[in-house]
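S.K.: Give the three-dimensional model of this entry:
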Amino acid sequence: MSNPSADTTAVSRPLRRRPPLAEAVVQSLATAIVLGEHPPGTALPSAGVLCDRYEVSRTVIREATTTLAEKGLVATRQGWGTVVLDQDQWSLLDPLVLDALFQREDRLVFLDNLIEIRTTLECAMAARAAGRIDDAQAAALAAKLEELAALRDDATAYARADIEFHELIHRASQDAFGRAIVSNIQGKALRSPQYNGDPTREDIELTHRAHARVAAALLARDADAAADAMREHITSSWARRRPADAGDA
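M.R.: The predicted structure follows:
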């Protein structure tokens, strides 16, 4: 009875190694598709070619193309193979797709759109948070603002605490969908130098004043003021760090 068990173990080990291989192929192909290396309407290289390119089995390639199809990037068409789909069919909020979008030459178009989405969602969440924030959350927000004040000479630490400041507001709003969407799109955007910019001490000071206005409105439980302060904070911050000569092509 020991031999069948040994055979089962031998078969299962390669299976456990396949997902990481497939994920690596998916990431590579998804990035190539989004960056336009495989234009919409064209077919991906054959399975055999992809096997040779990535040095993986046909099973891994099948797993990878299935995942790409789930992301709306490709579809299998009889007689054509695996065909790249138009951008309007892509799952744009998928982390891999977003990551690739922010690598494109026209990434500022998507970053501008992200700011619009963030503004809409975070203003609504700030207003909701003003009406729902409890004493413990209010104390945590006030403490985070004090922490931010002490970090104004450390851009990296301030940026990290900045995200935590917004997360406290998101939680207080109890808006699960808004929080998930903002976290997803911003998490990828943070990797883009255009989104982060290179803040000066003056930039951080302006940002901190905006944070203080947002916090004051929330602690006063003033929904309209919280939404207005959040809108001014997000839009003015982006206006300062968006490249002035950036084109949209």
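S.K.: and Asp52, how many residues sit next to it?
M.R.: Neighbourhood size, Asp52 [other Cβ atoms under 10 Å]: 11. For the C-beta atoms, the positions are set from N, CA and C on the backbone; glycine is no exception.
S.K.: Check which residues of the one helix or strand it maps to are buried.
M.R.: Here Asp52, judged by DSSP states H and E, is contained in helix 47-54. For helix 47-54, burial by neighbour count (16 or more other Cβ atoms under 10 Å) applies to 47, 50-51, 54.
S.K.: wait, which of the residues you listed is closest to Gly36?
M.R.: Nearest to Gly36 among the buried residues of helix 47-54 is Leu50, at 18.3 Å by Cβ to Cβ.
S.K.: Okay, domains of the protein per the record?
M.R.: 2-90, 102-241 (automatic domain parsing).
S.K.: Pull up the distance across the last one, start to finish.
M.R.: Translated: domain 102-241. End-to-end span of domain 102-241 (Cα to Cα, to the nearest Å): 16 Å.
S.K.: next one: the helix holding Asp52 to chain centre, how far?
M.R.: Offset of helix 47-54 from its chain centre (Cα atoms, centre = their mean, to the nearest Å): 30 Å.
S.K.: which is the next helix or strand following that helix?
M.R.: helix 58-70.
S.K.: Can you spell out which helices and strands pack onto that next one?
M.R.: For helix 58-70, the contact count by 3 or more Cβ pairs under 8 Å, 6 or more residues apart in numbering; DSSP states H and E identifies helix 2-34, helix 47-54, strand 74-77, strand 81-84 as packing neighbours.
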